[in-house]
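Asks: Predicted model and sequence follow; I will ask about them next.
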Amino acid sequence: MVPPKVDYSLYLVTDPYLVPVGTTLEEQVRRAIDGGVTLVQLREKDAETCDFIERAKTIHAMTKKAGIPLLINDRVDIALAIDAEGVHIGQEDIDVATARKLLGPDKIIGMSVSYVSEAAKAVEDGVDYVGIGAIYDTATKTPKKPPVGINGARKILSYLSSVPRYVSTVAIGSLNLKTARNVVHLSTVPGRCLDGIAVVSAIIAAEDPAAVSKELLSIVRNPPYWMSIIPNRDVPSVLADIPAVISKVRSATPFVHNIINRVATNFAANVNLSIGSSPAMSENIPEFDDFASIPNSALLINMGYGTNDWVETYLAAAGAYAKNLRPIVLDPVAAGASELRRGAVKSMLNHSHFDVIKGNEGEIFSVAGEASQMRGVDSTSSSQLQKKANVVEALAAKEKTIVVLTGKEDVISDGMTTFVLRNGHAYLADITASGCVLGSIIGAIVAVSLEDRFLAAVAGVLLYTIAAERAAVAPGVRGPGTFIPALLDELYLLTMATANGDASWLEAAKIERYIET
Ligand SMILES: Nc1ncnc2c1ncn2[C@@H]1O[C@H](COP(=O)(O)OP(=O)(O)OP(=O)(O)O)[C@@H](O)[C@H]1O
Ligand SMILES: Cc1ncsc1CCO
Ligand SMILES: [Mg+2]
């Protein structure tokens, strides 16, 4: 299957109502073309035919000069009148067969689809591309169907990968500087990815359409840091790199923005301070952009409380950090415990990329869509290591993330390499929020280790669980109550010693690479 010559990377769709005061649609399109859009669709829902043709002629002159195609939304007659390169038709518009008959075999015909059934029909009818959407809720069109999300796009790509003819794809629906990177690089299935993104308001309503277009094109064309994983990790080389990242937390004092439940808040802030990072707790959406632009920042989203507007808050934060290419740790607390939580986790994964997903067995199994014995918020350890390793590895590969499954034995994978860690102490299961604060620790370390998130996760779990072993036998520790302050002390002492060149505590690491037998 040879992809056609049309470059769908950045597809501008116009909307006359979104043009800022003081400029014109023609001017916005001209600047977007300067910024590098690769395709333009003129969409006029209310224009008189004569005005539509006039505008189409003007814009066609610009696109021809730039060597890019112009498509007309819905109106085959106008496409014919100005000899545009093609049309885009919606589910309720003219049928593809009639459009093809009128336009001939060489014109581009695209169609909007939301489901596999619609994609299948469009393919059968002979379209050149499908616009998949709306990915997210969009303000530019009254939604007729629920947003399909990244998983909706994956389903259609999966279907198209089985079709003998190559049908191109673009995603559409609230794609902008915050959302585009996740949609482009997560909406992939084996052998197929999107050919581009269609953008409306992010460009048409922009103060500087050229700059936004340039940045969006770069997002589409350049895979982000989280697309690359280091192959064939071995335990000795990962262990050897741990002292440097732990020392770097002390020297760089990363800013860890914790959106975390109230049970864990104070403990997490103290844990951050004890390892040398700088915590802030906030659920105030208007300040997320400021926090996300702090150098060395990281975000922890701990879904401990199911408040009414939680997903909206989480997604706003995730968008801010994604835009700034700063890391995000997701802790899907009690993910499988209720319908509300299952739905919330689904929306999160449908919208966002996470650098690390950390949870106990029940939580990770639920996120992966696997059955488990999970009840409440405590970890269980019923399934076999092999099952856990398989689930963790598959989830990491699918979501392009690092998955940390905690419990008596911890399993960590980047989708290629999987490690099993056996440090820790039973007291960790007897205090609340012991898993939650591990998310904060991993957040601090991943903030200084973006290029190696697997290392950051392994370093965080080893630091925490070895500190716990030492705290459990520290003088004066008699049970879970006295264990908590001793754990803070050990986190402080171990990271200080590491920064001063003594990482001998790592000799206690019980860690091996998981190899399926
Ligand atoms: N029985 C155990 N022995 C040793 N270490 C343990 C044990 N149980 C948990 N841990 C460790 O405790 C930490 C938290 O893991 P756990 O699976 O208990 O999290 P969790 O259930 O999400 O906790 P919480 O919901 O209370 O925050 C991990 O570092 C894990 O290695
Ligand atoms: C007990 C509890 N309830 C909601 S969050 C939380 C902390 C452990 O995850
Ligand atoms: Mg453990």
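Replies: Now that the structure is in, tell me what you want to look at. Numbering: from 1, shown residues only. Ligands and ions are numbered 1, 2, ... in the order given.
Asks: rest of the way, CA atoms for contacts and neighbours
Replies: Noted.
Asks: before we move on, what SS does Val333 have?
Replies: coil (DSSP: H, G, I helix; E, B strand; the rest coil).
Asks: same check, this time on His88
Replies: Going by three-state DSSP: His88 is strand.
Asks: so it bridges to which residues?
Replies: Note on His88: beta-bridge partners Asn73, Gly110, judged by DSSP bridges.
Asks: Where does pLDDT dip in the stretch 1-150 of the chain?
Replies: Judged by pLDDT under 70, the stretch 1-150 of the chain has its weakly predicted residues at 1-4, 138-143.
Asks: make it 50
Replies: Within the stretch 1-150 of the chain, the stretches with pLDDT under 50 are 1-3.
Asks: What segments of the stretch 51-200 of the chain are helices?
Replies: Shown for the stretch 51-200 of the chain, the helices assigned by DSSP state H, counting those that start in this stretch span residues 76-82, 96-103, 116-125, 149-160, 180-186.
Asks: next one: the stretch 201-350 of the chain
Replies: Under DSSP H, counting those that start in this stretch, the stretch 201-350 of the chain gives helices at 201-204, 209-221, 235-252, 265-275, 288-292, 310-323, 339-351.
Asks: can those go into TSV with extra columns for mean pLDDT and distance to ligand 2?
Replies: Putting the helices of the stretch 201-350 of the chain into TSV (pLDDT from 0 to 100; distance: least, C-alpha to the nearest ligand atom, whole Å) gives the following:
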stretch	mean pLDDT	distance to ligand 2
helix 201-204	98	37
helix 209-221	98	36
helix 235-252	98	25
helix 265-275	98	9
helix 288-292	98	22
helix 310-323	96	13
helix 339-351	94	12
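Asks: Out of the ones you listed, which one sits most buried?
Replies: Counting by mean count of other C-alpha atoms under 10 Å, helix 201-204 has the highest mean neighbour count of these, with a mean of 24.
Asks: Name the nearest residue to Phe288, ignoring sequence neighbours.
Replies: Ala317 (5.8 Å; C-alpha to C-alpha, 6 or more residues apart in numbering).
Asks: meant to ask about Lys408
Replies: Lys408 sits nearest to Arg422 (C-alpha to C-alpha, 6+ apart), 6.7 Å away.
Asks: Just list the residues touching the one you found, thanks.
Replies: 408-410, 509-511 (C-alpha atoms under 8 Å, 6 or more residues apart in numbering).
Asks: out of these, what pair is the most spread apart?
Replies: Largest separation among the contacts of Arg422 by C-alpha to C-alpha: Lys408 and Ala509, giving 14.0 Å.
Asks: residues near Ile445, how many?
Replies: By other C-alpha atoms under 10 Å, 31 other residues sit near Ile445.
Asks: for the one 3 residues further on, same thing?
Replies: Burial of Val448, expressed as a neighbour count using other C-alpha under 10 Å, amounts to 25.
Asks: hang on, it packs against Ser247?
Replies: No. Using C-alpha atoms under 8 Å, Val448 is not in contact with Ser247, being 9.9 Å away.
Asks: what about the residue in the stretch 301-450 of the chain that ligand 2 sits nearest to, how many neighbours?
Replies: Using C-alpha to the nearest ligand atom, the single residue of the stretch 301-450 of the chain nearest to ligand 2 is Gly304, 3.8 Å away. Residues lying near Gly304 (other C-alpha under 10 Å) number 22.
Asks: With Arg262 instead?
Replies: 11.
Asks: any idea how far it lies from ligand 2?
Replies: Separation of Arg262 from ligand 2 (C-alpha to the nearest ligand atom, to the nearest Å): 7 Å.
Asks: just Val189 next, same as before
Replies: According to C-alpha to the nearest ligand atom, Val189 stands 33 Å off from ligand 2.
Asks: Distance of that residue relative to Tyr159?
Replies: Val189 is 10 Å from Tyr159, where distance means C-alpha to C-alpha, to the nearest Å.
Asks: ok so, going back, got a markdown table for the helices of the stretch 51-200 of the chain, with mean neighbour count too?
Replies: Shown next, in a markdown table, are the helices of the stretch 51-200 of the chain (neighbours: other C-alpha atoms under 10 Å):
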| stretch | mean neighbour count |
| --- | --- |
| helix 76-82 | 18 |
| helix 96-103 | 16 |
| helix 116-125 | 17 |
| helix 149-160 | 22 |
| helix 180-186 | 25 |
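Asks: how about TSV for the ones you listed, with distance to ligand 2 added?
Replies: TSV is the format used below for the helices of the stretch 51-200 of the chain (distance: least, C-alpha to the nearest ligand atom, whole Å):
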stretch	distance to ligand 2
helix 76-82	56
helix 96-103	52
helix 116-125	38
helix 149-160	27
helix 180-186	27
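Asks: quick one, which of these is nearest to ligand 3?
Replies: Checking the helices of the stretch 51-200 of the chain against ligand 3 by C-alpha to the ion gives helix 180-186 as the closest, at 30.6 Å.
Asks: got the contact list for the closest one?
Replies: 150, 171, 193-194, 196-197, 216, 219-220, 223-224, 227, 322, 351-353, 399-400.
Asks: can you pull the contacts of the most centrally placed residue in the chain?
Replies: Centroid-nearest residue in the chain, with C-alpha atoms, centre = their mean: His353, separated by 1.6 Å. His353 is in contact with 182, 186, 322, 328, 399-401, counting by C-alpha under 8 Å, 6+ apart.
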